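Peer 1: below are the sequence and a predicted model for it; my questions follow.
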Amino acid sequence: MMEWLGLVSASTYAKDIDFVFDLILWITMSWLLLAEAVFFYLILRFRKKAGVPGQYITGELKSEKRWITIPHFAVLLFDIAILFFAVKVWYNVKQNLPDAPDRQTVRVVAQQWAWTFVHAGPDGKLDTPDDIIKVNEMHVEVDKLYHFQLESKDVIHSFSVPVFRLKQDIIPGRVITGWFTPIKTGSFDIQCTEICGIGHALMPGRITIETPEQHAAWVAENSTLAVASATVR
Amino acid sequence: MATAPASHSDSHGHAHHAPGFVEKYFWSTDHKMIAMQYLFTGMAMGLVGGFFAYTFRMQIAFPGVDVPGFGVVSPNEYNHLITNHGAIMIFWVAMPVLIAAFGNYLIPLMIGCDDMVFPKLNRLSYQIFLLSALILIGSFYVPGGGFAGAWTMYPPLSAKPEYGLTPLGSTLFIVAVALEFVAFLMGGINFVTTAMNSRAPGMRMYDIPVVVWMIVVASILFMASVGPLIAGAIMLLFDQNLGTAFFNPDKGGDPVLWQHLFWFFGHPEVYVVLLPAVGIVAEIITVMSRKKLFAYRTVLYTTFGTGVLSFMVWAHHQFIAGIDPRMANIFTITTLLISIPIAEMMFVYIATLYGGSITLNTPMLWALSFIAEFLIGGVTGIFLGASGTDIYLHDTYFVLAHFHYTFFPIAIIGTFAGLSFWFPKMFGRMMNDTLGKIHFWGTILPFNCIFIPLFVLGAAGEHRRIFDYSLFPELARPELRHLDQFATVALLIMLSFQLVFFYNLVTSLLWGPKAEKNPWQSNTLEWTADSPPPHGNWPVLPTVYRGPYEYSTPGRDQDFWPQNVP
C-alpha cells in the first residue's frame, strides 16, 4: 500500500511493516464491507410497510445469540492473527538490537528547530576529533547496519524516516538507541513528528543513502575538514 | 416552561412563585434548564471549534492564503488553532453536550423522578463549566496568545515559557481544563447517584433504558480516571509557575510521566463520550424500527467490559514515546481485545434492525449513520493498536482520520441524533423533517469526503501539526496537496450546510407545529410527561411495569407498550 502511494521501501524492515499494514487492511476491509452490506440490506429489506408489523425478537435465546457469538469469536481469531504479526515486527524493530562487526553509530541530536547528526568518521568511533558533524543532513552507507542514538536538547521531538517506516520519540534527558539497515540509495525526508513549538514545520532533515564508494568519498572529504577544525579549536 | 404544578411535592426547596428571568434561565436548579445551558454553551463552543477547523484547514490546503474572517495564519497561530480545536471539541463540546446536556435532561425523565439528587451541586457544576469556558476563551487574548503546544500538553514544551512561547496562555489553558474536570466530577456524582437511588417504583436494574446505563458507566469511568490527570495538571501548573521539576529532566523529573497521567485519563475519556452517543443510538433505532433491543443484557455486559478494559489500554498512545518496548506488547494485546466488546455492540445494533419496521426520518438517519461511520472508525483503530504498524502510522494523518471517524460520529452525529429525537420533548415543538434530511445529507457526505483522503495522506506519510509541507519534498508532491485541498473544500461544504440546521432550529423553536406528548410512540418514561415537561416533570410520578423496549409485542393492538402502562 505504501509503495503504491509513492513511498519507497528503503530499510530491511519497511517491507515487514507494509506486510502487516496490508494484512490488517485486507482483514478489516473485508469485515467492514460485510458488516456494512448486512447493515444496508437490513435497512432496505425491513423498511416500514403497511400491515407488516415488526417482529418480536428478544435476542436472549441461544439460537438468536448465535448471530452475535459467532462473529464475536471470529473477531477474536482475527485479532490473534493480527497480534502475532504485529508483535513479531515490533520485536524485530524495537525490542531487538542486532549487532555486526562493521556496525556504525550515528548520534542524532534534536533541538528547536534543527537536527544535528554526528557521524563517526573514518575511525568508526564517536566523540573523537574526526567526527563529522552535520546540520539537517545525515549520510549513511547502503546495506550497512546502523545504530542511532537519539538525544534532545530541549523538548520532545520525534525522529521519523518514512522510507524506513521508522519513528521514535526523542525524550530530553535520555539517550534512546535503535537500529536500521538501509537497502536503497537516494535522498529522503527526515521529519520531526512530535509537535515541538513554532518551528515544528521547519525541521526538515535529509538522509542520503550512498553506495560504499560514494560514502567513502564523502567521509574522506569531510573528515579532513573535521580534523582540521578540531585542531584549530 | 410552565411553573411547577401545586400537586408536585417539593422536596428540595424550589420556589413556588413564578421565577424571574434570571432565576429561570441563569440560576435554575431544574435539571432540564441546566441541560439546556450545557447544550447551548456546548453548541456555541462547537461553533468556535468549527471556525478553528475551517481556518487551519484553509492554511493546510492553501498555504499562506489570507483566510476570510481570520487573515494570514502564522505558525504560532496555526499551532494555537489546532491545539484549541482539539481541546474545545472534546472538553467543551462532546463532554457538555453528550454527558452533561443529555445526561441532565434524560436521566430524571427516563427513570421517572422529579430532579437530580443534588440540584444545587448540579447548578454549581454548570457555573464552573461556564467559568472554564470563559477562561479558555480569555486565554486566546492574553499577551503571547493562547496555548499552542497541542491539546495533549506534553511537557517540556508546555512547561517552560521559553519553549512554547505562550507564558500566560499555557497556564490559563491548564486552569481551564482542570476546572472543566471539576465541573464534570460534580455532574458525574449526580448522574450515578440519581440513577441508582431515584428510580421510579418498579424500575429494576434491567428496566433502565440503555442510554441511562451508558451515561452512568461513562460517569464512573470519568470519575475513576480523571483524578491522576487533575493531579498531573496541578503538577504541570507548578512546573510552569513555581519552578518545580515533576516533568523536567534537567532536575530529575520525567516528561513521560505526564504522558502516562494524561492518557490514563485520555483513553477512558474516549469511552466516556462514546457511551452516551451509543446509548442515544440504541433509543432511536429501537423506536424507529419498532423492535426490541437485541440482547439487552449483552449490551450491558459489553458496556461494562469496555469500561473495565478501557483502563488498560492507555499506553497504546505511547508505543514509540520512549516507554520500554516490551510494555508495548501488553498494551497491544489489551487494545486489540477492546475491539471485541465494541464490535459486539455494533453487531447487536445491526441485529436489532432485523425484522423491524423501519421509518427513515431524521433522527433515524442520524442514528443509522452513527453505526455506518463508527464501523470505519473502529476497524481503522486496529492499524494503530497493532504495535508493528503503529511505528509507521503514529502521529500521521491516518491517526487523525481514525479518531475523527470515532469522534465525529460521537460528538456531531450523536448530538444531532439526540437533539432531533428529543427536540419535541425539550421544546414542545416538532422540527422540520425535510430540512433535517437536507442537513443530514449535507453533513454526512462531505464528512466522508474530508476524512477518507486523510487516511490516504496518512498512509503516504503526511504527519500532523505541520502548518506548511513545502519543506518536505516527499509530502509536497502535488497529488498529496490536491487531496488536502479536496478535504478542505469538503469541509467548507459541510460547514455551510450547518446553516440549514440553525435555520431549522430557530424556525422550529419559534413556529414549529406543537408536539404531542409522545410523537414517536416510544415506551420510555420521558414521553409520558408533557412536552416540554414542567418543573417537577410529572404531577404524579410514574410507576414502571416492564423494560423499555417492548415494541411489537405479540397479542397487543398497539406496537408499543409504555413502561408505565400496567
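Peer 2: Cool, the structure landed. Numbers count the residues shown, from 1 in each chain, chains lettered A, B, ... in the order given.
Peer 1: alpha carbons only for contacts and neighbour counts from here, please
Peer 2: Fine.
Peer 1: where does chain A have low pLDDT?
Peer 2: Along chain A, the model assigns pLDDT under 70 to residues A:225-233.
Peer 1: how about the strands in it?
Peer 2: A:104-111, A:114-119, A:132-135, A:137-141, A:146-152, A:157-161, A:166-170, A:176-180, A:186-192, A:205-210 (DSSP state E).
Peer 1: what's the closest non-adjacent residue to residue A:21?
Peer 2: residue B:389 (6.0 Å; Cα to Cα, 6 or more residues apart in numbering or on different chains).
Peer 1: enumerate the residues of the stretch 51-200 of chain B near chain A.
Peer 2: Neighbours of chain A within the stretch 51-200 of chain B, by Cα under 8 Å from any Cα of the partner chain: B:75-76, B:79, B:148-150, B:154-157, B:163-165.
Peer 1: repeat that with 10 Å
Peer 2: Selection of the stretch 51-200 of chain B residues close to chain A by Cα under 10 Å from any Cα of the partner chain yields B:74-80, B:148-150, B:153-160, B:162-165.
Peer 1: buried subset of those?
Peer 2: Those of these that meet the buried threshold are B:75-80, B:148-150, B:153-160, B:163-165, by 16 or more other Cα atoms under 10 Å in any protein chain shown.
Peer 1: what about those, which are in helices?
Peer 2: Using DSSP state H, the members of these that fall within helices are B:75-80, B:163-164.
Peer 1: need the max-distance pair from these.
Peer 2: Taking Cα to Cα, the two most distant members of these are B:78 and B:163; they sit 16.1 Å apart.
Peer 1: next one: residue B:178 from residue B:314, what distance?
Peer 2: As judged by Cα to Cα, to the nearest Å, residue B:178 and residue B:314 stand 20 Å apart.
Peer 1: ditto for residue A:16
Peer 2: Residue A:16 is 26 Å from residue B:314, by Cα to Cα.
Peer 1: touching, residue B:329 and residue A:90? I think so.
Peer 2: Yes - with contact defined as Cα atoms under 10 Å, residue B:329 counts as touching residue A:90 (8.3 Å).
Peer 1: between strand A:166-170 and the helix of greatest length in chain A, find me the angle.
Peer 2: If you go by DSSP H, chain A has its longest helix at helix A:14-45. Interaxial angle, helix A:14-45 versus strand A:166-170 (axes from the mean of the first three to the mean of the last three Cα atoms, to 10 degrees): 100 degrees.
Peer 1: report the buried residues of helix A:14-45.
Peer 2: So helix A:14-45, judged by 16+ other Cα under 10 Å, has buried residues A:14-25, A:27-28, A:31-32, A:35-36, A:39, A:42-43.
Peer 1: now it: how far from the chain's centre is it?
Peer 2: The chain centre lies 23 Å from the centre of helix A:14-45; the measure is Cα atoms, centre = their mean, to the nearest Å.
Peer 1: that one packs against which elements?
Peer 2: Helices and strands touching helix A:14-45, by 3 or more Cα pairs under 10 Å, 6 or more residues apart in numbering or on different chains; DSSP states H and E, are helix A:62-90, helix B:325-353, helix B:362-385, helix B:387-393.
Peer 1: which residues in the stretch 1-150 of chain B form helices?
Peer 2: For the stretch 1-150 of chain B, the helices defined by DSSP state H, counting those that start in this stretch occupy B:21-25, B:31-61, B:75-87, B:102-111, B:119-139.
Peer 1: with the stretch 201-350 of chain B instead?
Peer 2: Listed in chain order, the helices of the stretch 201-350 of chain B (DSSP H, counting those that start in this stretch) span B:210-241, B:255-289, B:296-309, B:325-353.
Peer 1: point out the most buried one among those.
Peer 2: Ranked by mean neighbour count, the helices of the stretch 201-350 of chain B are led by helix B:255-289 with a mean of 24 (mean count of other Cα atoms under 10 Å in any protein chain shown).
Peer 1: by how many degrees do that one and helix B:102-111 diverge?
Peer 2: For helix B:255-289 against helix B:102-111, the angle by the same axes, to 10 degrees is 40 degrees.
Peer 1: what packs against helix B:255-289?
Peer 2: Applying 3+ Cα pairs under 10 Å, 6+ apart, one finds that helix B:255-289 makes contact with helix B:102-111, helix B:210-241, helix B:296-309, helix B:325-353, helix B:362-385, helix B:397-407, helix B:414-427.
Peer 1: wait, which of those helices is closest to residue B:474?
Peer 2: Closest among the helices and strands packed on helix B:255-289, once you apply Cα to Cα, is helix B:397-407, at 14.6 Å.
Peer 1: what is that closest one packed up against?
Peer 2: Using 3+ Cα pairs under 10 Å, 6+ apart: helix B:397-407 touches helix B:255-289, helix B:362-385, helix B:433-459.
Peer 1: same thing but 7 Å
Peer 2: Secondary-structure packing of helix B:397-407 (3 or more Cα pairs under 7 Å, 6 or more residues apart in numbering or on different chains; DSSP states H and E): helix B:362-385, helix B:433-459.
Peer 1: residues in contact with that helix?
Peer 2: Residues from elsewhere that reach helix B:397-407, judged by Cα atoms under 7 Å, 6 or more residues apart in numbering or on different chains: B:373-374, B:376-377, B:380-381, B:393, B:451, B:454-455, B:457-459, B:462-464.
Peer 1: contacts only, for residue B:350.
Peer 2: residue A:39.
Peer 1: I'd like to know how far it sits from residue B:406.
Peer 2: 18 Å.
Peer 1: neighbours around residue B:19, how many?
Peer 2: 15 (other Cα atoms under 10 Å in any protein chain shown).
Peer 1: any idea how far residue B:84 is from it?
Peer 2: 37 Å.
Peer 1: ok, now residue B:263?
Peer 2: From residue B:263 over to residue B:84 the distance is 18 Å, taken as Cα to Cα.
Peer 1: same question for residue A:197.
Peer 2: 15 Å.
Peer 1: using the three-state scheme, assign residue B:520.
Peer 2: Classification of residue B:520 by DSSP: H, G, I helix; E, B strand; the rest coil places it in coil.
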